[in-house]
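**Student:** Below are the sequence and a predicted model for it; my questions follow.
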Amino acid sequence: MTETLIAGRYRLDTLLGRGGMSEVWCATDLELERRVALKLLAPHQDNARFEREARAVAALGHPNVNQLYDYGESDGRPFMVLEFLSGGTLEELLRANGALADEDTRRVASDIAAGLAHAHARGVVHRDLKPSNILFDDEGRAKLADFGIARMVAGEGTLTGAGTVLGTAAYISPEQAAGMPATAASDVYSFGVLLFRMLTGGLPFESDDPLALVLQHRDHAPPAVTDLRSDAPADLAALAAATLAKDSAARPPDGDALIDALALGLPQADTAVTSVLPAAAPPRPRRRVGLALAVGLLAVLALAGGVFAYKVGHTNDAPTLVTSTHGPTLARHTSSTPTTTHLATTTRPTTTAPATSTTAPATTTNRPTTTRRIVPPPPPRTTTLAPTTTQAPPTTTAQPPTTTTMAPTTTAAAAAATASTTTG
């Protein structure tokens, strides 16, 4: 057999499969000495669609997506070189075993969800998710393959006309069956069919007529997983029901939501679809408790401070500045019968000085009122107010516990002020 080289580098060894649009070979990369999968476009097929597939795969780089190595053209035929996966397909595994073990189902479903999440995050919708497009590597890791009819949401427009049905009938979403554009939620529906088959060994809808099968996906409600297998894991059965919802808005929206559902688990299968997936991450009790304790502590401190201020204000009998026709006066309120003491002021700032001072400024003294005599509590205080229009805190000078001797008033104005205070 004559060797066939593609681009002078890739030797075609074994034909792996042939379809209407392309053929896939197991090939050898002679430069890097490794096995690869070489996909060669069939003659007279759509070059633009083949190029779009290459662009879609090239935009992805994830452990659960078949990797693209090279793209080019040989003798007028485009080709792409892909990672060679020797573990077979999910279709082969299901045909040989029927339903998978629950642990294997969860592992494969998680791999598929991770690949979809990566593709959806980059605007790529697979549109033909089915078991023959899920391949396994040597370690048993599942990978998405064959993006032949994939659609890139952003960028170039679609090559599919309105009303065109694309996809495999057994796994097609209701919106695709109705000729509507496929979205990430469409891949989620196909994922649900895969999950249903891995859990039960069968499909939700079966028919020998592809058109009838498409209409069933579009119009009929699927059976519950528990109808076919009562011992199925509750969270996986609930996820299958959620992903197979007819309304795309009622399904998990994309692959990332599938990852969350598989990682966190789901409620029982009879839970409503709208409550299947969590809307946000669960709260963190420790942070909330800490915040509540901090707020409570601040409230207690503030209350204690208020009580302390109230006690001090009433115990110390804080003075209040009062303005009258005789000038600013100082009113002192006590918890007993209130008594107001008026202090005469001079027309200029003065200070309190002992009697032996060489300079005798005018001072103020406490005068008895007409009704009772006020005896200041020890130690006695003499308060002097500066003649100002703003309310300033009084200056208090502590005197020794003896009778205060005041300097005589030498001016007639001071005597008149004193007399006025006494009579007021």
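**Tutor:** Thanks, I have it. All of these numbers come straight from a predicted model, not from anything done at the bench.
**Student:** In this structure residue 178 contacts residue 218, no?
**Tutor:** Yes - here residue 178 reaches residue 218: they are 5.6 Å apart, a contact under Cβ atoms under 8 Å. C-beta: built from backbone N, CA, C; applies to glycine.
**Student:** Mind checking the pLDDT average for stretch 215-225?
**Tutor:** Stretch 215-225 shows a mean pLDDT of 96 in the predicted model.
**Student:** can you pull the buried residues of stretch 227-236?
**Tutor:** Within stretch 227-236, the residues scored as buried using 16 or more other Cβ atoms under 10 Å are 228, 232-236.
**Student:** Quick check: the two most widely separated of these?
**Tutor:** 228 and 235 (16.9 Å; Cβ to Cβ).
**Student:** Could you list the alpha-carbon positions for stretch 53-70 in CSV?
**Tutor:** Extracted as CSV, the C-alpha positions of stretch 53-70 are listed here (Å, rounded to 0.1, in the frame of the first residue of the first chain):
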residue,chain,number,x,y,z
GLU,A,53,-15.3,24.0,12.8
ALA,A,54,-11.6,24.5,12.9
ARG,A,55,-12.0,28.0,14.3
ALA,A,56,-14.4,26.8,17.0
VAL,A,57,-12.1,24.1,18.2
ALA,A,58,-9.1,26.4,18.0
ALA,A,59,-10.9,28.9,20.3
LEU,A,60,-11.0,26.1,23.0
GLY,A,61,-8.3,24.7,25.2
HIS,A,62,-9.5,22.5,28.0
PRO,A,63,-8.8,19.0,29.3
ASN,A,64,-12.4,18.0,28.4
VAL,A,65,-12.3,19.2,24.8
ASN,A,66,-10.5,17.4,22.0
GLN,A,67,-7.5,19.6,21.2
LEU,A,68,-6.7,21.0,17.7
TYR,A,69,-3.1,20.7,16.6
ASP,A,70,-3.0,21.9,13.0
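**Student:** So what touches it?
**Tutor:** For stretch 53-70, contacts defined as Cβ atoms under 8 Å, 6 or more residues apart in numbering pick out 29, 36-37, 71, 78, 80-83, 85, 111-112, 114-115, 118-119, 122-124, 135, 141-150, 152.
**Student:** low pLDDT regions in the stretch 101-250 of the chain?
**Tutor:** For the stretch 101-250 of the chain, applying pLDDT under 70 flags the ranges 150-167.
**Student:** repeat that for 90
**Tutor:** Counting by pLDDT under 90, the stretch 101-250 of the chain shows low-confidence ranges at 146-168.
**Student:** what do you get for the stretch 251-400 of the chain?
**Tutor:** 264-400.
**Student:** Now with 50, please.
**Tutor:** Counting by pLDDT under 50, the stretch 251-400 of the chain shows low-confidence ranges at 266-291, 293, 295, 307-375, 382-400.
**Student:** Distance check, residue 131 against residue 195.
**Tutor:** 11 Å (Cβ to Cβ, to the nearest Å).
**Student:** try residue 259
**Tutor:** Residue 259 is 13 Å from residue 195, where distance means Cβ to Cβ.
**Student:** which neighbours do those two share?
**Tutor:** Here residue 259 and residue 195 share no contacting residue, scored by Cβ under 8 Å, 6+ apart.
**Student:** And the two? Which one has more around it.
**Tutor:** Using other Cβ atoms under 10 Å, the more surrounded residue of residue 259 and residue 195 is residue 195, with 26 against 17.
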